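Novice: only the shape, not the letters, is given here:
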C-alpha cells in the first residue's frame, strides 16, 4: 500500500522509524526539539522521543557537527540539522577537515555514521545568507557523500539509507520542497546511493535536473512535449556517488544535454557533470552541454531580482530548444 | 615533593617511565627524520610530558582522548605503541594509519585515541561529542580534549566548551599552556595569561596547575575525572608548561630568548621528577638506569619495526575513503 505524504513528513518518518529501531540514532540541531524544526520537519519528535534524543542545541554549527562526529566515532548514529545551508560555513572545518577525512586519516579505521541534514534553496526573499545551495562546494571534498532528493519517496528512502550508512552524508533538503506531496509506500524501504531516477523518458534531449530543479524540469519537459520535443529528465538523487552510467546511457540516446541546478553556475555540480560527459560521452554529443543554474551573483532580497537570477522552467525550455536546434 | 609518600615506588617509577618514554621516543623520531626514515614534519612535546602523563594516568582504558598536532605524548600516555607510532611516522604500512595519517592523525580507537589533529582546536568538539554519547548511554566514561594555549582563541573551542558546560558533559578540557602559539608568545595572542578563566563563562571550574609537575597534574586530573564520572560536568585544567623545542623541528625560534629557554630547561618535568625520586631515596640510580635501558631497547625495536615495515602500495592511496567502495572514480 502507499499513501500521499509531504516531503517533510517523509523525512520525519525516516527519522522516526530509524530512531525506533536503533537507540544509537538521535537528532540534534537548532530548534529541532521544542520548536519542531524551523520548517517543522521534526514536529512531534520531541514529545515522542524526549529531549535527550531530539536535542535542541545552542546556535553553534561547529559544535553541532563536531559533537555529532565525536558521538559517531564512539558508536552513535547522529543526525544533525543545519537550519540553513548558508550556515555550514561556520562548521566548515568540522565537516571538511574532521568528519570527511576521519576514516582516511585513520587508515580506514574510523566509522563516521553522521548525517548532516542541510536546508538549502530559494526563493523566499531570504537574501544572500539564507538562500544558497552549496552542495557543489562539498563535491570537491573526498570522504563526504552528497544526497539531494527531489520527491517524498526519495527523501524517505535516501535518508534511511544515510542513517544506516557508515560515512558522513550531507543531505540537502530544498526548503521549497517540504510541502511537496508524493506517493510513499507503507512498507519499510531503503534507496541505494548512486542510482539516478529517470523521471521522464525521451529521445530528443537529456535534462539532468538536481534537487529543486527537478519539478521545473518536469514542467519544461511537458511544455516541450507540446511542441513535439521528447525530453528525458534524469534526477541523479545523489551527487556523490554519482550515477555516471545512467547519464551516459541517456546521452547515447539523445546526444543533447541540459544540466539544471539551483547551485550557482560557476563550478557548480553541472560543471563536474559536464566534464564527466566530456570525458566519457563526447562521441555521443551532438551539441554543446548547456547549464541552467543560478546566475553568479549573491541572492538578492527583492523578489523580482531573485526570480531573475534563479533557473526556472522557461530557462530549461529555452536551453533544450537551443541544444536540440544546434547543428555541428 | 610532599606528595611522593602517597604513591608506591612502582607507581612513581611508572610516571617516570612514561614521561621518559615520550621524551626518548620523540628524540629518536627527530633523529630518524634526520636519517631519512621519516618523511614528514614533527611537532615535538619535549618539555610537556607531565601534562600528557598526569592526565592519562587518571583515565581508564575505555575513556577517550582527542589530541593535537603535538600529540605523541598524549598517545603514548594513553597506551599508544611506539612501534606502530614509529612505523606511522615512517609512512609504512604497519603504522597506526597504514602510512596515510602521519604524526598529525594517529588514531587507535581500541585505546580510546580518537586522533591527533592537524587543526588547532579541531578535535575539541569531537571530544565533546564522545562525552555526549557517554552521557546519553549512561556509561561511566569520560572524554579528554587536549589542546594548547593557541586553541582557546579558536571558535571551535568556545562552541564546544559552551555545549559541554550547558549539558554538563563528562569531559576534561586539558589545556597545555606552553606559552607559545606557533611562533607568537601567548601574551600576544590573548588579553589574559590565565586561560582557565575562560571556563567560568561556560559554567564549569577552571584550575591552574604546574604543568611540569606530573603529580600535580595527576591530582587535578583525578579530581576532574571523578567529578565528570559522577555527573558533575566538565573541568578546565590549565597546565603551565613550556615547549622546549621549536613549534616544528627546524623552527629557528627567533621569537624567544636563550635565557628563557635555559630557565625552563632547569624546570624540566622529567629530570626534576627523577631528582626528587633520587633525593627522597625512593629510587636508586640503578632503578632509573633499568627503566632507561628498557626504554632504549623498546625504541630500538620500534625503529627496526618501522624500517622493516613495507611501504604501502601506491594504489592503496585510493582505498579507505568510504566504508564501501566509490574510490578510484572522479567523484
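Specialist: Arrived safely, thanks for sending. From a predicted model like this one, the values you see are computed outputs, not experimental measurements.
Novice: show me what the one helix or strand residue A:64 maps to is packed against.
Specialist: Assigned by DSSP states H and E, residue A:64 belongs to helix A:61-73. Here helix A:61-73 is seen to pack against strand A:25-29, strand A:77-82, helix B:124-136, helix B:155-167 when contacts are counted using 3 or more C-beta pairs under 8 Å, 6 or more residues apart in numbering or on different chains; DSSP states H and E. Just so you know, the C-beta spots here come from the backbone N, C-alpha and C atoms, and that holds for glycine as well.
Novice: where is the longest helix in the chain?
Specialist: Because you didn't say which chain, this covers chain A. Taking DSSP state H as the criterion, chain A has its longest helix at helix A:7-21.
Novice: not quite, I wanted chain B
Specialist: Longest helix in chain B, counting by DSSP H: helix B:9-34.
Novice: quick one: that one to chain centroid distance?
Specialist: Chain-centre distance of helix B:9-34: 13 Å, with C-alpha atoms, centre = their mean, to the nearest Å.
Novice: low pLDDT regions in the stretch 201-331 of chain B?
Specialist: The model of the stretch 201-331 of chain B has pLDDT under 70 over residues B:325-331.
Novice: how about the strands of it, start to end?
Specialist: B:206-210, B:235-240 (DSSP state E, counting those that start in this stretch).
Novice: most packed of those?
Specialist: strand B:235-240 (a mean of 26; mean count of other C-beta atoms under 10 Å in any protein chain shown).
Novice: near chain A, anything from that strand?
Specialist: No. Using C-beta under 8 Å from any C-beta of the partner chain, strand B:235-240 stays clear of chain A, coming no nearer than 15.9 Å.
Novice: packing partners of that strand?
Specialist: Packing partners of strand B:235-240 (3+ C-beta pairs under 8 Å, 6+ apart): helix B:49-57, strand B:171-177, strand B:206-210, helix B:214-229.
Novice: looking at these, which is closest to residue B:270?
Specialist: Residue B:270 lies closest, by C-beta to C-beta, to one member of the helices and strands packed on strand B:235-240: helix B:49-57, at 6.0 Å.
Novice: ok, the biggest strand by length in chain A: who's next to it in the sheet?
Specialist: Using DSSP state E, we find that the single longest strand of chain A is strand A:257-264. If you go by DSSP bridges, strand A:257-264 pairs up with strand A:205-209 (parallel), strand A:290-294 (parallel).
Novice: of those, which stretch is the most buried?
Specialist: strand A:205-209 (a mean of 30).
Novice: contacts for that one, please.
Specialist: Contact partners of strand A:205-209, identified using C-beta atoms under 8 Å, 6 or more residues apart in numbering or on different chains, comprise A:150, A:199, A:216-218, A:220-221, A:224, A:229, A:231-236, A:247, A:250-251, A:253-254, A:256-261, A:270, A:273, A:316, A:320, A:323-324.
Novice: C-terminal to it, what's the next element?
Specialist: helix A:214-226.
Novice: okay, the angle between that next one and strand A:205-209?
Specialist: Using axes from the mean of the first three to the mean of the last three C-alpha atoms, to 10 degrees, one finds that helix A:214-226 and strand A:205-209 are set 160 degrees apart in direction.
Novice: so the residue lying closest to residue A:58 once chain neighbours are set aside versus residue B:67, what's the distance?
Specialist: Excluding the flanking residues, the one nearest residue A:58 by C-beta to C-beta, 6 or more residues apart in numbering or on different chains is residue B:162, at 5.9 Å. Separation of residue B:162 from residue B:67 (C-beta to C-beta, to the nearest Å): 22 Å.
Novice: kindly report the same for residue A:237.
Specialist: Distance from residue A:237 to residue B:67, by C-beta to C-beta: 38 Å.
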